[in-house]
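Q: Below: sequence and its predicted model.
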Amino acid sequence: MALRQMLTGCWLAQSIYVIAKIGAADLLSGGPQSSEDLSKALRVDANALYRIMRTLTSYGLFEEDDKHRFGLTPLGTLLQTGVPGSMRAMAIWNGEAAYRAWGAVQHTIETGQPALGHVLGMKMFDYLAQNHETGRVFDEAMTGLSVQVSQAVVAAYDFSGFKTIVDVAGGQGVLVAAILQAYPEMGAILCDMPSVVEGSRKQLEAVGIAGRCEVVAGDFFEFVPKGGDCYILSSVIHDWDDEQSLRILRQCRSAMDQGCRLLLVECLIPDSPEPVFSKLLDLQMLVMTGGRERTEHQFKDLLAAAKFRLTNIIPTAVPECIVEALAV
Amino acid sequence: MSTAKSFSEPATPAQTGMAELPPQFALARMMTGYAVSQLIHIAAQLGLADLLKHGPQSINELANSTKTHQDSLNRVMRCLVAFGLFKEKESGQFELAALGQYLRTDVPDSLTAMTLCSEESYLVWGHLLHSVKTGETAFNHVFGMHRYQYLEQHPEAAARFNAAMAQLSSELAAAVLSAYDFSRFKTAVDIGGGQGGLLLAMLRANPTLRAILFDTSSVIGVMEEQLEGTGFAERCKLVAGDFFESVPDGGDVYLLSHVIHNWDDDHCIRILKNCRKAVGPEGRLLLIEMIMPTESGASFSTYPLVMTDLQMLVMTGGRERTESEFGTLLAAAGFNLERIVPTHALESLIECIALV
């Protein structure tokens, strides 16, 4: 029954996490293997590994052949390192920090404060800055996600006519790279925290756009670079509450001339009761960062308070939409 | 931990439409399933379904009665509406939807007990990686003792667990009684019989049958207070003990329902050998367990079993077994597996006789 299925959600999630963490999918890239062989290579308990892989076979992540060898399905392939749109880091992020935080969800519902902060003793982004291994997993998870989102954004939005894109908190530059590759005349500025942008130059060089993309280190609560005619905040605003979001948007606005565009790439919460993923993501934000996913109406108000006018909402092939606004 | 109706309404990945999702969305949903289970747990813990059973309420009322942060609760409710537990009216008030009814405490098929029982299990599942790396039972790693020892020492956790098991055994009892004829027996002994759900149902259906309920002293202690009220005190004897030491003599049918799957092979053989000493040549031993099919795959029939198998891996160190694994285990304890009687639940009856 549906409710019992939901109750065992943490079992399935942890099973996927373990497979991602030990790197089992990577070892299967050359073809099916028995769990016995896998367990030797991975130095894990053969009995436990077999039972987990048998379970995930039921959920379509693996296929078991008649010689009890496990092979990857399209779902399982996503747990490999380095494949396009890899979700391995995302699975590890979910299985560790997020899982722990959700163990204290009651704290959030009683106080309205993020459970993660309660569990870790500090805010999520401070924790990520201080714990490099977790920070790396988080960045990788976000990069994996932004590969999917970037392709969808470039396909859904016409950027022609812009001279310079500014990607605020653009991480490793995945979105900027996708846009500049599609528009050979365009320039860009990528800005993010110093620890994040460090690694981005190499990435930009690798895709041959380093010459057109300036990299600026800075904290968007303090400073957003001038000089663009299109500013993008992709999956940024949802990490913050209204007050903090407003501070970020105002920093953007003060860097922008009137008539420039601002694009927010965010999931929208519909007013209807339909079961969309953004409603669960909203609670992820509540528990992890204290941020939220917003309705169209909430975006409109937030933007207006920072002197923007919401002009259009453009859906994409992924759950995220493009919320287009004009600096007024 | 699953019986009769538990997974009989289809909810495999394929049947919930997950298979039609692009792989990255399907995987994202599965890997965030822990958030879903915690939300259901919170809904049960806050008693939201009981609060709404007499009619719709506003978020303000709900937040006040549950002493929670209103905006956060509102966002939780929005998600629970999306899951189908509640509905939101035009007025903004929330009311119970079909799934939410199962979280009421006053309905016969309530899942509240099972939901509340997941408190330790969420924590323990967070250590699945430890089980995989070391082979050690995650529960023992987290709590420093076997789950049953822990339940002996933590009466509140034991009460939650017993309530969940009682719910399961009342669902299971109907399936067992319609699959197997107990009328030829004089005395049934339920080893590890918990709150007696199965045994009392057997007494109800078989007026001449007598029964012995055997479990740990803490469980029997609770039952001593409850048995009077059932009207079966005359026909049902309560015996406290440890099935690793011995089991009571005097029965002609011995039941081990959901016991064997909680233990590894060595422990199972110890339990079964003690049963062997008590079961006479004409007697029967019945194991009531799910039977793991030998083939695997993305099929509706296997997935509740493989999931429960992992629950045993992390919680108790036990496992779900195939028919041949049961056969080997039984033979090692001096029993012959006579036949397997399927029920309309996921569990089967494994009928055994003593080898001479």
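A: Perfect, thanks for sending it.
Q: just for chain A, where's the confidence low?
A: Applying pLDDT under 70 to chain A picks out residues A:1.
Q: which residue packs closest to the residue of the stretch 1-150 of chain A found nearest chain B, ignoring adjacent ones?
A: Closest contact between the stretch 1-150 of chain A and chain B, by CB to the nearest CB, is at A:G9 (2.8 Å). C-beta here means a position set from N, CA and C on the backbone, and glycine is covered the same way. Closest residue to A:G9 apart from its sequence neighbours, by CB to CB, 6 or more residues apart in numbering or on different chains: B:G33 at 2.8 Å.
Q: Please report phi then psi for that neighbour.
A: phi -60, psi -20 (degrees, to the nearest 10).
Q: right, and it touches A:L12 too?
A: Yes. Between B:G33 and A:L12 there is a contact under CB atoms under 8 Å: 4.9 Å.
Q: Tell me who's in contact with B:M292.
A: By CB atoms under 8 Å, 6 or more residues apart in numbering or on different chains, the contact list for B:M292 reads B:T302, B:L305, B:V306, B:D309, B:E320, B:R321, B:T322, B:E325.
Q: Tell me, how many residues neighbour the residue of chain B found nearest chain A?
A: Ranked by CB to the nearest CB, the top residue of chain B for proximity to chain A is B:G33, at 2.8 Å. Number of residues near B:G33 (other CB atoms under 10 Å in any protein chain shown) recorded here: 23.
Q: Distance from the chain centre to stretch B:189-199, please.
A: 13 Å (CA atoms, centre = their mean, to the nearest Å).
Q: can you pull the buried residues of that stretch?
A: Within stretch B:189-199, the residues scored as buried using 16 or more other CB atoms under 10 Å in any protein chain shown are B:V189, B:D190, B:I191, B:G192, B:G193, B:G194, B:Q195, B:G196, B:G197, B:L198, B:L199.
Q: So which of those residues are in strands?
A: Among these, the ones falling in strands (DSSP state E) are B:V189, B:D190, B:I191.
Q: wouldn't the second one be in contact with B:L255 here?
A: When you say that, I think you mean B:D190. Yes. Counting by CB under 8 Å, B:D190 touches B:L255, with 4.6 Å between them.
Q: so which strand or helix has the residue minimising distance to the centre of chain A?
A: The residue lying closest to the centre of chain A (CA atoms, centre = their mean) is A:M142, at 3.6 Å. Using DSSP states H and E, A:M142 sits in helix A:132-156.
Q: Just give the number of residues close to A:L246.
A: A:L246 - counted by other CB under 10 Å - has 17 other residues nearby.
Q: what ranges do the strands span in chain A?
A: A:33-34, A:62-64, A:69-72, A:164-168, A:187-192, A:213-217, A:230-234, A:261-267, A:308-315, A:320-327.
Q: Nearest to B:L99, out of these?
A: With CB to CB as the measure, strand A:261-267 is the member of the strands of chain A nearest B:L99 (24.0 Å).
Q: Show me what that closest one is in contact with.
A: By CB under 8 Å, 6+ apart, strand A:261-267 touches A:149, A:153, A:157, A:162, A:175, A:229-238, A:249, A:252-253, A:256, A:277-278, A:281, A:293-294, A:299, A:303, A:308, A:319-327.
Q: same check, this time on stretch A:74-92
A: Residues contacting stretch A:74-92 (CB under 8 Å, 6+ apart): A:16-17, A:19-21, A:23-26, A:28-29, A:56, A:59-62, A:72, A:137-138, A:140-141, A:143-145, A:147-148, B:23-24, B:26-28, B:31.
Q: repeat for stretch A:162-169
A: Outside stretch A:162-169, the residues touching it (CB under 8 Å, 6+ apart) are A:159, A:173, A:175-176, A:179-180, A:183, A:186-193, A:220, A:224-225, A:227-234, A:236, A:248, A:252, A:255, A:261.
Q: Let's see that with 7 Å instead.
A: Identification of contacts with stretch A:162-169 by CB atoms under 7 Å, 6 or more residues apart in numbering or on different chains yields A:175-176, A:179, A:186-192, A:220, A:224-225, A:227-233, A:236, A:252.
Q: quick one: buried residues of it?
A: Buried residues in stretch A:162-169, counted by 16+ other CB under 10 Å: A:F162, A:T164, A:I165, A:V166, A:D167, A:V168, A:A169.
Q: can you check stretch A:89-108 too?
A: For stretch A:89-108, a neighbour-count test (16+ other CB under 10 Å) marks A:89-108 as buried.
Q: Could I get the full set of strands for the stretch 101-250 of chain B?
A: B:187-191, B:210-215, B:236-240 (DSSP state E, counting those that start in this stretch).
Q: Redo the ones you listed as JSON lines? Include mean pLDDT and distance to B:T112.
A: Putting those into JSON lines (pLDDT from 0 to 100; distance: least, CB to CB, whole Å) gives the following:
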{"stretch": "strand B:187-191", "mean pLDDT": "98", "distance to B:T112": "25"}
{"stretch": "strand B:210-215", "mean pLDDT": "97", "distance to B:T112": "23"}
{"stretch": "strand B:236-240", "mean pLDDT": "96", "distance to B:T112": "27"}
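Q: mind checking which of these is nearest B:L123?
A: strand B:210-215 (25.6 Å).
Q: List the buried residues of stretch B:267-280.
A: Quick answer for stretch B:267-280 (16+ other CB under 10 Å): B:H267, B:C268, B:I269, B:I271, B:L272, B:N274, B:C275, B:R276, B:A278, B:V279.
Q: Spatially nearest residue to the fourth one (excluding sequence neighbours)?
A: In this case it means B:I271. B:I271 sits nearest to B:F243 (CB to CB, 6+ apart), 5.1 Å away.
Q: same thing with the fifth one?
A: Across the structure, with CB to CB, 6+ apart as the measure, the residue nearest B:L272 apart from its sequence neighbours is B:A333 (3.4 Å).
Q: Check the contact between that neighbour and B:K277; I expect there is one.
A: No. Using CB atoms under 7 Å, B:A333 is not in contact with B:K277, being 10.0 Å away.
Q: Which pLDDT value goes with B:T3?
A: As predicted, B:T3 sits at a pLDDT of 29.
Q: From the contacts of stretch A:162-169, list the buried ones, please.
A: If we count by 16+ other CB under 10 Å, the contacts of stretch A:162-169 have these buried: A:175-176, A:179, A:186-192, A:220, A:224-225, A:228-233, A:236, A:252.
Q: What residues does the stretch 101-250 of chain B have near chain A?
A: B:102, B:111, B:115, B:118, B:122-123, B:125-126, B:128-129, B:131-135 (CB under 7 Å from any CB of the partner chain).
Q: can you tell me which of these are in helices?
A: B:T115, B:S118, B:Y122, B:L123, B:W125, B:L128, B:L129, B:S131, B:V132, B:K133, B:T134 (DSSP state H).
Q: residues touching B:A179, list them.
A: B:V341, B:P342, B:T343, B:L349.
Q: if we go to 6 Å?
A: Residues near B:A179 by CB atoms under 6 Å, 6 or more residues apart in numbering or on different chains: B:V341, B:T343.
Q: same deal with B:P342?
A: B:S348.
Q: just checking, A:A317 touches A:A152?
A: Yes. A:A317 is within contact range of A:A152, at 4.4 Å (criterion: CB atoms under 6 Å).
Q: Which one's more surrounded, those two?
A: Higher neighbour count among A:A317 and A:A152: A:A152, with 20 against 13, using other CB under 10 Å.
Q: Please report how far the more buried one lies from chain B.
A: Using CB to the nearest CB, to the nearest Å, A:A152 is found at 11 Å from chain B.
Q: circling back: of the contacts of B:M292, buried ones?
A: B:T302, B:L305, B:V306, B:D309, B:E320, B:R321, B:E325.
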